[in-house]
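**Q** I'd like to go over a predicted model; first the sequence, then the structure.
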Amino acid sequence: MKKAFICIIFIIVAFGVTAQDDQIVLDTFLRNFQRADQIETKVKVLEDAANYGSTNMGPLFHEAINFVLNNPDLIHTDTLVTQISFLAVEEIKNIGYVDSKYALWQLFTEDTSTTLRISILEALSIIGKNDERILENCINWLNLQNTLFFSGSRPDNQVVSYMIRALGEFKSSLAFPCLFSSKVLGYSAEITILAENAVYQLEGSMKEMLMGVIENGTISEKREALKMGLALDNDRLNNTEKAELAEFTLEIAIYASTGDQAEKTLIRNMRFESVNALRNAKWSKATSLIIEHFGMTLLEYDRGIILSKYRILIISCLLVSLLLLAFFSTLTYFSHILTSKNKISWHLLSHTSFLFLFQFPLHKNYILPF
């Protein structure tokens, strides 16, 4: 027992001495770095500190980053300053010195060098996790690149790739909209795959994240979010969640408006795809929306927007309501249409009613008319 106690005391003392020595060494390196008049000397101090191998050298490399930031005119003109940046960023990443995360982000915005920015993002993916400010900065930066890309500009794809990786490492659902945009915008195949993988790394409800895009995204993003949700495996989105997503999308699509003809077609497709998913799921909760969709579809048929060869598909919308729990409300709506003065709608309904009710079974694979 006495020997064990002595060993423990020895270990504590030994670690205490080591920690004390490390602090003395750190102070020495810091003092030498600050006093050095030549940038070349500062580089040598940093190299010696890196070779020393202590994990307590974070404050020194943080000081080096501040030196670079305080001399912005030298960032793009002095190769020794660039060397300081690379050395400091690499060691901060290796040490995991969290206190440097904001300084690294500032350096990211100041220095546009692709290689350095990639190194900074690799560091931030380690030391910037769970930091709301860093997360927000990264999201805003990627949103800007997506906007530039959409408008025809060419962002730095290498940096975009590493930003996507970093946001995936953060795992925050707040990054879903910008990552989803990167996935569907039409970047290179490599970036598209990276964005898709990053999306699956995020924590939180996939249904809620997709609904966020369907509610707030562009028309094309809404459509892609629906397609992605309906295609997901059950472990990511179960059948109930898919039906809820389809119902939500149908409501958004019914009330969406745009002057762009291509977007109108996308919205119409969203309605039909949502109804198709709701029918397959036998989802009675969306009956009132399906009836509203049916009315809109009749009007589109009357105006020649939908060709007559798709009349069976149009009536199938109403079939969903009849077969689910909305028999009486649907029958009332049906009666209203039959007694209206709209002869084209009457012709459509009367011509297809026999096929609709008796000869055309509920089928899983209707082809969309658009």
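**A** Right, received. Where do you want to start?

**Q** any low-confidence regions in the stretch 151-300 of the chain?
**A** Per-residue confidence for the stretch 151-300 of the chain (pLDDT under 70) gives no ranges below the cut-off.

**Q** which stretches of it form strands?
**A** In chain order, the stretch 151-300 of the chain shows no strands, with DSSP state E, counting those that start in this stretch as the criterion.

**Q** give me the buried stretch members for whatever helix or strand L144 lives in, please.
**A** When secondary structure is defined by DSSP states H and E, L144 falls within helix 132-150. Applying a neighbour-count criterion of 16 or more other C-beta atoms under 10 Å, the buried positions in helix 132-150 are I134, L135, N137, C138, I139, W141, L142, Q145, N146, F149. For every residue, glycine as well, the C-beta is placed using N, CA and C.

**Q** same check on stretch 219-226?
**A** Neighbour counts using 16+ other C-beta under 10 Å place I219, E221, K222, R223, E224, A225, L226 of stretch 219-226 among the buried residues.

**Q** between these, which is closest to S173?
**A** Proximity of the buried residues of stretch 219-226 to S173 (C-beta to C-beta) peaks at A225, which lies at 13.9 Å.

**Q** I'd like the buried residues of helix 132-150 as CSV, with pLDDT and distance to K42 appended.
**A** As requested, these are exported to CSV (pLDDT from 0 to 100; distance: C-beta to C-beta, whole Å):
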residue, pLDDT, distance to K42
I134, 98, 27
L135, 97, 32
N137, 98, 28
C138, 98, 30
I139, 98, 34
W141, 98, 29
L142, 98, 34
Q145, 97, 33
N146, 97, 38
F149, 95, 39
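
**Q** how about a markdown table for the residues you listed, with distance to I127 added?
**A** Putting the buried residues of helix 132-150 into a markdown table (distance: C-beta to C-beta, whole Å) gives the following:
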| residue | distance to I127 |
| --- | --- |
| I134 | 9 |
| L135 | 13 |
| N137 | 14 |
| C138 | 13 |
| I139 | 17 |
| W141 | 17 |
| L142 | 19 |
| Q145 | 22 |
| N146 | 25 |
| F149 | 28 |
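
**Q** all the helices of the stretch 101-250 of the chain, residue numbers only.
**A** For the stretch 101-250 of the chain, the helices defined by DSSP state H, counting those that start in this stretch cover 101-110, 114-127, 132-150, 157-170, 176-184, 189-201, 206-216, 219-231, 239-255.
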